[in-house]
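K.L.:
Sequence first, predicted coordinates after that:
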Amino acid sequence: MIDPAASHYDLKDTFASRRYFAKFQAIMQHMLRVAGVMEAEGQLSRDEVTILARYASSLTYTFRALSWKYLLVGRETGRFFGSLTVDGQDSGFPVAAELMSMANDAQNAQSHLASMPSVEVHKDKMVQAILSDRSIPTKLQFSLSQRLYYEELLKGELFWVRNDPEAEWLGEVGKRRRYRLHWATYDSQVNLPVIYMMELEDSGREALPRDAQRWPEVQAHLSAQALGGLKLVTIARGFDEDFSDLHPKRLRRFHLGPMYSHAYTRQNGPLRDVLAEAKAPDGQDWAMVWTEEELLSDHVIAEKAGWFSTVEREIFALDPMEGHLPDMGATYATRSIILPQRPYQVLEEHNPPGFTGVRKFVVSPSGRVLRY
């Protein structure tokens, strides 16, 4: 068996680490623009774009916090504090252990800040070291970076390994309430952020978000089933069977990544050659995959639930290609790739197999997005 950790490596160089974080912050902004294009084309609603934008913003805040934590990596700070560990083979993202460690730091952020000098005191001491001692205040820079890291953690709104479900009101269908639930996870098996959305009908007596019994159970159930290795139909059927008065009508899953970069990842396949040949400048040497899966309810059947009662069970629409594709456990699956212009030109010139049906979004530093 292959050890997944064998593809992990540490960013121990200061400039490489800073370029990495700058690259990801730019990619998150491009993703928001791509979502806007998908909304204009009718593939996403305004509310769905808002949800995706919220999680993309949370990822941005997470990367910003990590960038402060590892700002002085590779420099002699007088204290060993490690370096960012990246999954260089499967995802290009930081490993899930980085987010777990950050969650622990967030629990103690207030106490750390209470024992640290303020930002102004740090700056005054650094100026004094530069002017009076004629030395580079590396230790003070490190101390300041850690303070800014803990301040960022206290601001909240970060993307964690588990982001619990939330409910949004959609209206009513007959006597039933309609909700859209959304939640997200950082899949520790592949080190990728994954976002879920479920539209359901509620036939219970109490509104789901106000139900003190059902709502915590729903949150715990969905969080436990948020595994990238599970098919959507498995998740939806399990939910349908466990909650007889909640009826899932649509389930979607968005995989953000992998991110490929000739400078940071060691992926196999055609994208490696494309990025190598493109020789794009810093900030444009990357490609980001975006995969969307969707499962729709086709119809409902009645199933006995005792001697005198029945419950509704959803029958989900599967395999629209009539067996010509492998069983993916979803009604539809769409793959997209987001990349700058130069890598896209090389990709089109080579036209490698497997990319014919992939939607391509080409982005520019100015923010323009073109779809091919």
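P.N.:
Nice, I can see it.

K.L.:
Which of the three states applies to the residue nearest the centre of the chain?
P.N.:
Nearest to the geometric centre of the chain sits Pro193, at 2.8 Å (C-alpha atoms, centre = their mean). Three-state assignment for Pro193 (DSSP: H, G, I helix; E, B strand; the rest coil): strand.

K.L.:
for Asn104, same thing?
P.N.:
helix.

K.L.:
Numbering from 825 from now on, please.
P.N.:
All set: I'll call the first residue 825, so the last point we hit is now Asn928.

K.L.:
what's near enough to touch it?
P.N.:
Asn928 makes contact with no residue under the criterion C-beta atoms under 8 Å, 6 or more residues apart in numbering. (Each C-beta comes from the backbone N, C-alpha and C, glycine too.)

K.L.:
do the same with Phe1063
P.N.:
Met1022, His1045, Leu1046, Gln1049, Leu1070, Pro1072.

K.L.:
Same check on Leu1005?
P.N.:
Counting by C-beta under 8 Å, 6+ apart, Leu1005 has contacts Pro989, Glu990, Ala991, Glu992, Tyr1020, Met1021, Met1022, Glu1023, Leu1024, Val1042, Leu1046.

K.L.:
for the protein, which spans come out with low pLDDT?
P.N.:
825-830, 900-905, 1143-1151 (pLDDT under 70).

K.L.:
quick one, strands of it?
P.N.:
832-835, 908-911, 986-997, 1000-1011, 1016-1026, 1070-1084, 1111-1128, 1134-1141, 1156-1164, 1183-1187, 1193-1195 (DSSP state E).

K.L.:
How about the first one, which residues are buried there?
P.N.:
Think strand 832-835. Under the neighbour-count criterion of 16 or more other C-beta atoms under 10 Å, strand 832-835 has His832, Tyr833, Leu835 buried.

K.L.:
so the first one touches Thr909, yeah?
P.N.:
Yes - assessed by C-beta atoms under 8 Å, His832 is found in contact with Thr909 at 5.4 Å.

K.L.:
Where does the record place the domain boundaries for this protein?
P.N.:
Per automatic domain parsing, the structural domains of the chain span 828-979, 986-1195.

K.L.:
which one among the contacts of Phe1063 gets closest to Glu1136?
P.N.:
Leu1070 (10.1 Å; C-beta to C-beta).

K.L.:
list the contacts for that closest one?
P.N.:
Taking C-beta under 8 Å, 6+ apart, one finds Leu1024, Glu1025, Asp1026, Ser1027, Gly1028, Leu1032, Arg1038, Val1042, Phe1063, Asp1064 in contact with Leu1070.
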